[in-house]
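# sequence unknown, structure follows:
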């Protein structure tokens with residue numbers, strides 16, 4: 001019964017918050033293949049492509065490891081790429097100081113320059129891989145960086161990924177990272193997409209992060225400590241992804257948390273881009289000895305999508321077909337998630353000729369050159 005109430009609430013939030021959940025009318029799109037036309041807006045192109053997909057294909061595009069759909073010219077991609085202090089796990093790259101070390105400099109301009117170099121290397125590596133018809137993990141353009149969690153307890157083993165315990169410093173450093181990765185916003189296509197993680201109230205302990213709930217905290221602590229950096233990255237730096245965290249907040253998993261995702265992130269801050277789950281986070285909704293807030297994968301997936309989580313890191317969203325059959329979710333809700341995912345790829349120039357995307361001309365010689 002508790003899950004049913006959560007799902008009904010999520011559906012209500014979704015319907016109230018997604019006036020664009022149906023594609024705009026375009027009677028000529030089937031003839032003109034609007035999604036291939038670079039003169040049209042990214043929104044128009046993404047919706048046109050959504051309309052052409054089968055339900056099975058749509059579901060496949062909600063996974064971090066998204067397969068190619070050759071009949072529509074959609075290449076494979078993996079949303080999982082890392083660059084906390086250099087392009088990670090993809091061979092040679094320039095390695096910069098850990099985030100906590102960068103924060104100690106209080107030099108936001110230096111951080112901006114560092115991540116501009118990192119994004120140069122990431123683009124060069126991506127286009128080399130693309131030229132070899134390789135679209136594997138760590139070869140993409142969507143980077144799960146920066147980690148803007150607040151490092152309050154030195155026993156937390158991932159504190160070196162953060163910018164420390166000061167919300168203001170974390171905010172300033174995080175915005176510099178985003179601007180360095182994504183570009184200055186003056187070009188048609190984004191250089192990369194950054195991701196603000198892990199949203200929210202995620203600062204250890206690490207060993208029980210899949211079942212942890214920090215408990216009821218004061219609104220002042222939430223808004224003055226844990227949310228300022230996320231708000232600034234969304235509303236000022238225009239970060240293109242937000243990653244929802246493993247833990248619960250106020251009894252509800254972060255990746256289906258209506259207060260965090262719908263009320264605050266989507267409605268108050270007007271974030272209309274991609275929300276991605278931490279890896280395996282949606283499994284935790286129903287997995288034994290984790291949150292156990294949902295009965296199974298289908299219920300967990302439906303609730304997460306209705307709550308605004310577009311991309312599942314893992315395989316849980318493969319159960320969305322079952323969720324549709326059971327009446328737990330409407331295909332139109334999946335359409336909205338797929339629209340956001342495809343629009344992000346259009347924004348990066350994935351579907352257009354490299355000659356139109358200035359970032360594609362960055363030579364591989366930039367790697368390890370500075």
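Now that the structure is in, tell me what you want to look at. Computed from a prediction, not measured in an experiment: that's the story for all the values here.

# how close does residue 264 sit to residue 271?
To residue 271, residue 264 is 9 Å away according to CB to CB, to the nearest Å. Just so you know, the C-beta spots here come from the backbone N, C-alpha and C atoms, and that holds for glycine as well.

# neighbour count: these two, which is higher?
Remark: of residue 264 and residue 271, residue 271 carries more neighbours, 24 against 21, as counted by other CB atoms under 10 Å.

# hmm, the more buried one is touching residue 241, no?
No - contact criterion CB atoms under 8 Å: residue 271 and residue 241 do not qualify, at 9.7 Å.

# longest helix of this structure, counting residues only.
As assigned by DSSP state H, the longest helix anywhere in the chain is helix 108-131.

# those strands in the protein, which residues are they?
For the chain, applying DSSP state E gives strands covering 65-66, 77-78, 195-199, 241-244, 248-249, 252-253, 274-277.

# which secondary structure elements does the fourth one contact?
The helices and strands touching strand 241-244, judged by 3 or more CB pairs under 8 Å, 6 or more residues apart in numbering; DSSP states H and E, are strand 195-199, strand 274-277.

# tell me the mean pLDDT over it?
Mean per-residue pLDDT for strand 241-244: 99.

# could you do the longest one as well?
Rounded to a whole number, the mean pLDDT of strand 195-199 is 99.

# follow-up on the earlier one: mean neighbour count and distance to residue 210 for the helices and strands packed on strand 241-244 - can I get that in a markdown table?
A markdown table is the format used below for these (neighbours: other CB atoms under 10 Å; distance: least, CB to CB, whole Å):
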| stretch | mean neighbour count | distance to residue 210 |
| --- | --- | --- |
| strand 195-199 | 27 | 12 |
| strand 274-277 | 25 | 12 |
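
# I'd like these laid out as CSV, including distance to residue 341.
CSV is the format used below for the helices and strands packed on strand 241-244 (distance: least, CB to CB, whole Å):
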stretch, distance to residue 341
strand 195-199, 13
strand 274-277, 6
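
# for residue 84, which of these is the nearest?
When the helices and strands packed on strand 241-244 are compared by CB to CB, strand 195-199 sits nearest residue 84, at 10.0 Å.

# so which elements touch the closest one?
Contact here means 3+ CB pairs under 8 Å, 6+ apart; on that basis strand 195-199 packs against helix 228-235, strand 241-244.

# JSON lines for the ones you listed, including mean neighbour count and distance to residue 40?
Putting the helices and strands packed on strand 195-199 into JSON lines (neighbours: other CB under 10 Å; distance: least, CB to CB, whole Å) gives the following:
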{"stretch": "helix 228-235", "mean neighbour count": "22", "distance to residue 40": "26"}
{"stretch": "strand 241-244", "mean neighbour count": "27", "distance to residue 40": "23"}
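
# tabulate these (a markdown table), appending distance to residue 72.
Shown next, in a markdown table, are the helices and strands packed on strand 195-199 (distance: least, CB to CB, whole Å):
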| stretch | distance to residue 72 |
| --- | --- |
| helix 228-235 | 31 |
| strand 241-244 | 23 |
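
# quick one: which of the ones you listed is nearest residue 282?
Smallest distance to residue 282 across those (CB to CB): 9.2 Å, for strand 241-244.

# partners of the closest one in the sheet?
strand 195-199 (parallel), strand 274-277 (parallel) (DSSP bridges).

# out of those strands, which is closest to residue 368?
It's strand 195-199; of these, that one is closest to residue 368 (CB to CB) at 24.3 Å.
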